[in-house]
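Novice: Fold the stuff below for me.
(2 chains)
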Amino acid sequence: MTEMLGLPEGCIAAIISSTTPRDACRLTCVSTTFRSAADSDVVWDSFLLPEYPSSSSSSSSTTWSALWKKELYFRTCHNLIHNGKMSFWFDLQSGKNCYMISARELNIVDGDVIYEWGWFSIPEVKRRFHMPDCRFPEVVKRSEIGPIEIGGKITTSLLSPKTTYVAYLVFAGNRIWLGDDDPVEVFVGLAGSINGQKRTVYFHREHQDGDDDGFFPKKRADGWVESELGEFFNGGDKDGELLMTIKTTDKEFLLVQGIEIRPKKK
Amino acid sequence: MSTAATADASSSGDTTEGSVRLLTLQSEDGEVFEVKETIATQSVTIKGMVDDDCATSTIPVCNVTGRTLAMVIEWWNKHEIGAVSNEKELKEWESQFDTIDDKSDRDDVYDLLMAANYLNIPTLLDCCTSAVAEAIKGKSTDEMREFFDIKSDFDEKEEDALRKENQWAFEN
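Specialist: Residues are numbered from 1 along each chain as shown, chains lettered A, B, ... in the order given. Model prediction:
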């Protein structure tokens, strides 16, 4: 009769590869045999590939192939890609791809209203608005009253297939919009498709216990807040383009970090 | 799990049944099985032997008991092209390997893993590894040890250091 520990390390590694990065890290602590299998390149290679975009090394001079795969996996957490305009990382629980599209990549210039938006570097944001750190070198601030329209897009081939994603607008704290309960129209859907998700959310206060989920912004661990824009199931379509838009009436102050897309929590 | 294999201890070497060549496999505990070559070559290892003309005499299958080898042959029979009418039926049949809460089921799966690894049978290997993986997903380190029936061989200091290193995996 075969004991678990009598199995070849390759078999144990194959089992671990079928779990998640989180389980693999817990298995590391089970015993020495498990540690050696759970830390092996075979295992972490399987978590990295095939969804690891080849463009992600552009922001770093490190030779990726020389890295221990587990290290590579964790180094790719919040790695800037697309010339620093997008942040890419893996959801540590599911191993799926996550992205934040920086404000610079968002479509916020509507006709001749470009002057209403101003760019601020992170040190400036910290000093002037007392905001915490951010993923990108700069954020955008709305500085005059007027209707707001923000759009973001991402190629679906960058997303993990067969995964339900949720998109969020990541912006500055609620205090700035206090008292203004204008509805905000949000949309998430494929370009050219009629099956998008359109909803109304509110930005004027933070989510509290008892609220319907997703209608009010929630505080993030990084000190910013995020508002749910909608869900999208990525069936694995290679050529699709996911669109996300935010529309609302007159607003004066809005500090936008970007739009984040991450897998829906089960 | 039942034995669907032809067990015939009287012959050795390759024989033919109709136009299909039969291979003779011998388990670690001496049980002999005659299997159609077209079926047994689902094993990459055996296919290599056939291609190299090394499958003319009895093929010893080390580390695999007759009981396990019978299960492997049952797997091959089910996975032969045309053996089942549709994918759904095959998946249903395979599902008997999916629930491994019982210790005896678990032992069977480890035996099958060993055999699938040695004989290099990708479909069986995939099925068994994902069955075990599904069973341990989300378990705590202690629950994993209990599931595998093993004890930690780290000293306290080592384990503390490892837990710190992988801290995020222990937070909810």
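
Novice: Show me the helices in the stretch 1-150 of chain A, by range?
Specialist: A:9-17, A:21-27, A:32-38, A:41-48, A:69-75, A:122-129 (DSSP state H, counting those that start in this stretch).

Novice: Quick check: which ranges of the chain have low pLDDT?
Specialist: Using chain A. Applying pLDDT under 70 to chain A flags residues A:1, A:49-67, A:75-79, A:92, A:109-116, A:143-146, A:173-180, A:250-253.

Novice: My question was about chain B, not that one.
Specialist: Residue ranges of chain B with pLDDT under 70: B:1-18, B:168, B:171-172.

Novice: Kindly recompute the last result at 50.
Specialist: B:1-13 (pLDDT under 50).

Novice: got a list of what residue A:107 touches?
Specialist: Residue A:107 makes contact with A:150-153, according to C-beta atoms under 8 Å, 6 or more residues apart in numbering or on different chains. From N, CA and C alone the C-beta is placed, and that goes for glycine too.

Novice: From residue A:43, how far out is residue B:165?
Specialist: Separation of residue B:165 from residue A:43 (C-beta to C-beta, to the nearest Å) stands at 16 Å.

Novice: go on, residue B:149?
Specialist: 22 Å.

Novice: Can you pull up the most central residue in chain B?
Specialist: Nearest residue to the geometric centre of chain B (C-alpha atoms, centre = their mean): residue B:112, 2.6 Å.

Novice: That one touches residue B:72, doesn't it?
Specialist: Yes: Residue B:112 is within contact range of residue B:72, at 7.0 Å (criterion: C-beta atoms under 8 Å).

Novice: if I look at the two, which residues touch both of them?
Specialist: residue B:124.

Novice: and stretch A:182-194, which residues are buried?
Specialist: For stretch A:182-194, burial by neighbour count (16 or more other C-beta atoms under 10 Å in any protein chain shown) applies to A:184, A:186-190.

Novice: Walking through the stretch 51-200 of chain A, point out its strands one by one.
Specialist: Assignment of strands within the stretch 51-200 of chain A using DSSP state E, counting those that start in this stretch yields the ranges A:79-81, A:86-90, A:97-102, A:117-121, A:138-142, A:146-155, A:163-171, A:184-190, A:197-201.

Novice: strands paired with the fourth one, and their directions?
Specialist: Looking at strand A:117-121 with DSSP bridges, its partner strands are strand A:138-142 (antiparallel).

Novice: In the strand it pairs with, which residues are buried?
Specialist: A:138-142.

Novice: ok, those residues vs chain B, which is closest?
Specialist: Closest approach between these and chain B, by C-beta to the nearest C-beta: residue A:139, at 27.0 Å.

Novice: Name whatever forms a beta bridge with the closest one.
Specialist: Beta-bridge pairing for residue A:139 (DSSP bridges): residue A:120.

Novice: Correct me if wrong: it contacts residue A:120.
Specialist: Yes: with contact defined as C-beta under 8 Å, residue A:139 reaches residue A:120; the gap is 5.8 Å.

Novice: Give the residues shared as contacts by these two.
Specialist: What both residue A:139 and residue A:120 touch, as defined by C-beta under 8 Å, 6+ apart, is the set residue A:255.

Novice: Chain B: strands as residue ranges?
Specialist: For chain B, the strands defined by DSSP state E occupy B:6-7, B:15-17, B:20-27, B:32-36, B:59-61.
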